[in-house]
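>>> after the sequence you'll find the predicted model.
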Amino acid sequence: MSLTTLAQHAPFVKCINCLESNSPFQTLLFPTVTDLSLDQVNVATYFDFIHRHSQTLVRLQLHQKFAGNALTDQESDALWEIIASCSFLRSLSVARLQVTQQSWRKWCWPTWSRLTLLRLHFVEIGDASDPDQCHNSPAFEKGLWPTKIRHLELLLDNSCCLDQLALLKWCPELESLIWFPRQSSSQDNLGDFFAAQASHCPKLDDIKVEYGYSSTQESDLLFPFLFSRTEAGLAPLRSLKAAPNWAGDGTLRFLLSHLASTLQSLELFSATHVRSPMVQDLLCSLPLLESFSARHIHENDVVRDPRSWVCLRLIKFHIGIWMNPAKEQPSRPSTKDAVTLATTHDGTHPEAAYTTVLDVTTYEAGHWHMFERLGALSRIQHFDLGETIFLDSLRSSRQTTHRDLQFGLKNGLDKLKGWHNLRTLNLTGTNQMMTEEDAWWMKKNWSRLETLKGKLNSVQNVADNACREILKDIDIGIYSPGPPGVSLV
């Protein structure tokens, strides 16, 4: 669109999303614009533009260019003064910016206190200092006043965990928190401090801890928070995402005993200490779950448990399912269950030769039990069985003892015919052996399926291509194993 045409439509523009510095539209005036997003730009080049629209902006996103030069202290002060002039601003997201001591009390806090959403990514507050030295944050100052923030997202660059959490004291209206704790090993009282600060947020019921500090020890950093909130009769937790070290057995047992009737979303995929038996307990005990993720669940913990999964409201389900390998036993090649035949050096199949035969009956029985449990989850829209690239080392260590859940009719796939709402299926990293018959079944029964990721037949390229051709109306992506960031679609 030309600048002239854009100028003609300027009075009707409500939202602007820009990905480049010094864009020609900066010279124009958009009298009714309410949303401005500047992503990966040199923010300093937009100071005048932001100021000209300060009386209409409601939502503002400023992400400083990753490879660009950082703003000087003077530029930072000027920017925060301009943002403070946005009288109707209610949502602010900033990345790779800094807050000087002067800006903090004069412009930042007065602005932040009237926001409902604040997102701070890679933001430095105050003078740069040793992040392991705590209680340096200006949020510990006296004389501040409560904010109206309901949604807070924190990833601060130069602050220890305690300094970051100090902001919670001033957020009595807070409902959801997304927090990226800085990696550190010196936060001995982090769990207790988190509980103490969060006690100032009686409405907080949605917590996502994206990753924790480095440690190989299992810990329950969320336990003091959950226990103190329950004791005080505050809002029960509705949604939780736990990073490593934040959710151990103590935390999860507490969820089962006190929050089973309120928890709707539980994300534990990053919580490496959560074991398969606990995952089974959660699926059998949380009836209101709509979204759930965990690293893995083992066939034995499901099949040997007479309980049914009660999470029948699940819409989004991400889990690795580890099946027992087919048992190996010596047998004659004439056995009906023979899957592979021994061959002599000349390629023949002598009747007298012995071969390794798979106990298919036992193998398929486990699959049928698993598909039966999955089939009860009739509201599923997004099912992710895939394993992310960074788990390749974990896969290689367990491939000789576990196998993937096989999506095939002979294994019980037909039990998922009630998944009428399925929209995305991710099989990335799993070894599938689908046939054309399986693909036709998917096409017929999952009419709303839009995206399918992963190889459909990892053994035979011909079969894989045939399945893909049958499902050609669906967006099918194939991810190849390799180093992080390497993918083929």
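Noted; the coordinates are in hand.

>>> buried stuff in stretch 88-106?
89-100, 103-104 (16 or more other Cβ atoms under 10 Å). For every residue, glycine as well, the C-beta is placed using N, CA and C.

>>> let me fix that: stretch 422-435
422, 424-430, 432-435.

>>> now stretch 24-33
When burial is assessed from 16+ other Cβ under 10 Å, stretch 24-33 yields the following buried residues: 28, 30, 33.

>>> could you do stretch 13-26 as well?
Buried residues in stretch 13-26 (16+ other Cβ under 10 Å): 13, 16, 18, 21, 23.

>>> and the furthest pair within the residues you listed?
13 and 21 (19.7 Å; Cβ to Cβ).

>>> so for stretch 104-118, what's the average pLDDT?
Regarding stretch 104-118, the rounded mean pLDDT is 92.

>>> ok, now stretch 161-170?
Rounded mean pLDDT across stretch 161-170 is 82.

>>> check stretch 318-325 too.
The model assigns stretch 318-325 a mean pLDDT of 90.

>>> show me where the stretch 101-250 of the chain has its strands.
For the stretch 101-250 of the chain, strands defined by DSSP state E, counting those that start in this stretch occupy the ranges 117-125, 151-156, 176-179, 206-209, 239-241.

>>> for these, give me JSON lines that also has distance to residue 58 and mean neighbour count.
JSON lines is the format used below for the strands of the stretch 101-250 of the chain (distance: least, Cβ to Cβ, whole Å; neighbours: other Cβ atoms under 10 Å):
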{"stretch": "strand 117-125", "distance to residue 58": "11", "mean neighbour count": "20"}
{"stretch": "strand 151-156", "distance to residue 58": "14", "mean neighbour count": "20"}
{"stretch": "strand 176-179", "distance to residue 58": "19", "mean neighbour count": "20"}
{"stretch": "strand 206-209", "distance to residue 58": "22", "mean neighbour count": "20"}
{"stretch": "strand 239-241", "distance to residue 58": "25", "mean neighbour count": "21"}
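
>>> dump these to CSV, plus distance to residue 414.
Below are these laid out as CSV (distance: least, Cβ to Cβ, whole Å):
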stretch, distance to residue 414
strand 117-125, 45
strand 151-156, 43
strand 176-179, 40
strand 206-209, 37
strand 239-241, 34
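
>>> give me the neighbour count for residue 3.
Using other Cβ atoms under 10 Å, residue 3 has 12 neighbouring residues.

>>> so it sits against residue 26, correct?
No - look at residue 3 against residue 26 with Cβ atoms under 8 Å: they stay out of range, at 10.5 Å.

>>> in which helix or strand does residue 380 reside?
Counting by DSSP states H and E, there is no helix or strand that carries residue 380.

>>> OK, contacts around the closest residue to it other than its chain neighbours?
Spatial nearest neighbour of residue 380, chain neighbours left out: residue 419 (5.4 Å); criterion: Cβ to Cβ, 6 or more residues apart in numbering. With contacts defined as Cβ atoms under 8 Å, 6 or more residues apart in numbering, residue 419 is in contact with 375, 377-378, 380, 383, 445-446.
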